[in-house]
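Asks: Here is a sequence together with a model predicted from it:
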Amino acid sequence: MIKLKARLRMMRINKYLAACGFGSRRSVEALITSGQVKINGKPVSDLSVQVNEEKDSVYVNDKKALLPNLDIYILLNKPRGYITTNKDERGRKSVIDLVDIKQRIFPVGRLDAQSEGLLLLTNDGEMANRLMHPRYKFSKIYRVKLDKPLDRADFLPIVKGIELEDGKTAPAKARWYTDEPDRVEIVLKEGKNRQIRRMFETLGYSVKSLKRITYGPLKLSGVKRGEWRYLNANEIRELKQQTCT
C-alpha cells in the first residue's frame, strides 16, 4: 500500500510542467531538452525523468513550478450537532462526515457541537497554524441569540474584555444587528474555548444559538447549512497574503 501511494505521487517531468501551467506537454519538452529546467538544483534534459510532487523542487528559468490545488481549502456551513474533529472515539457525528472527498483534511479551529456556521477545512498545516495564531489577528464575526434582551450597559465589558478562568478576553466589537435586542453580532480576533458562551454566562445570559458568518476574508453567504464548497483562487490568495504563506 505504501509503495502504491508513493508511485501515485510521481509524475513525468513534461506532464508535471504542463500541469503547472508552462504549456502543453509537447511544448514544455523544448524547455526540458534545452536545459531550462532544474530539479533540486540540477539541470535535467531527459524527458523520462520523474518528479515527486511532494519532495522535488522544480524550476524553469529560475521560476518555481508549482502544482495548482495541491493544497485543499474547503468552506463548510457546519450545522448544529456535529463536532469539530476528524474522528470521535464515542462515535458522534463529525464535520468530516459532511465533506465527501478522498483526501485527508482537518478543521481549522473549532466550533462547538451546538454552534453552527463557517468552518474552514484544509490539508495545509502551515496555513492552519497561522490562521489560529493570535499574532495574525483574524477577525471572525458571530451572530448570537440570547435568552433575554442584552442590556445596553453590558456592551462595555464585551468591548473592553471580560475576565474568564483562563484569562481576560481581548477587546471585541459588539452590536445589535436587528431590531430584536436579544440578537447580537460580535467580532472577535481570538479563539478561546467556548469563548462567546462563557462571556455571556459571566454577564448573566444564556446563549440560545451561535453562528459564525465570516472568518477573515471568507463569508458564509451562498452555502446552505450542511453543504460545502472549495475556496476560489481569490479567497486562497487573500488567505496566503494575510498569513504570509
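Replies: On my side now, so go ahead.
Asks: residue at max distance from the center of the chain?
Replies: For the chain, the largest distance from the centre (CA atoms, centre = their mean) belongs to Ser34, which lies 40.4 Å off.
Asks: quick one: that residue and Glu235, what's the gap?
Replies: Distance, Ser34 to Glu235, by CB to CB, to the nearest Å: 37 Å. Every residue, glycine included, has its C-beta placed from N, CA and C.
Asks: what's the answer for Val51, then?
Replies: For Val51, the distance to Glu235 equals 28 Å [CB to CB].
Asks: what does Phe22 give?
Replies: The gap separating Phe22 from Glu235 is 25 Å, by CB to CB.
Asks: If you count surrounding residues, which of those two has more?
Replies: It is Phe22, of Phe22 and Glu235, that has more neighbours when counted by other CB atoms under 10 Å, with 21 against 18.
Asks: if you skip the residues just before and after it, what's nearest to that one?
Replies: Once its chain neighbours are removed from consideration, Phe22 has its nearest residue in Val28; the separation is 5.0 Å (CB to CB, 6 or more residues apart in numbering).
Asks: Ramachandran angles for the residue farthest from the centre of the chain?
Replies: The main-chain torsion angles of Ser34 are listed as degrees, to the nearest 10 and equal phi -90, psi 10.
Asks: Let's test this: mean pLDDT of the longest strand along the chain, rounded?
Replies: Ranked by residue count, the top strand of the chain under DSSP state E comes out as strand 207-215. Looking at strand 207-215 alone, the average pLDDT works out to 97.
Asks: again, but for stretch 107-121
Replies: In this model, stretch 107-121 has an average pLDDT of 94.
Asks: Quick check: end-to-end length of it?
Replies: 4 Å (CA to CA, to the nearest Å).
Asks: buried residues in that stretch?
Replies: Neighbour counts over stretch 107-121 (16 or more other CB atoms under 10 Å) mark 107-108, 110-111, 113, 115-121 as buried.
Asks: related to what we said a few turns ago, list the buried residues of the longest strand of the chain.
Replies: Judged by neighbour count using 16+ other CB under 10 Å, the buried positions of strand 207-215 are 207, 210-215.
Asks: Contact partners for Asp88?
Replies: Applying CB atoms under 8 Å, 6 or more residues apart in numbering, we find Asp88 in contact with Ser94.
Asks: Let me know the secondary structure of Glu92.
Replies: No, residue 92 isn't Glu; it's Arg. When the structure is split into helix, strand and coil by DSSP: H, G, I helix; E, B strand; the rest coil, Arg92 lands in coil.
Asks: Thr122 contacts Leu70, doesn't it?
Replies: No: if you go by CB atoms under 8 Å, Thr122 and Leu70 don't touch, sitting 11.5 Å apart.
Asks: What is the longest helix anywhere in the chain packed up against?
Replies: Here the longest helix in the chain is taken by residue count, with DSSP state H as the criterion, and it is helix 233-243. The helices and strands touching helix 233-243, judged by 3 or more CB pairs under 8 Å, 6 or more residues apart in numbering; DSSP states H and E, are strand 73-78, helix 125-132.
Asks: Thanks a lot, catch you later.
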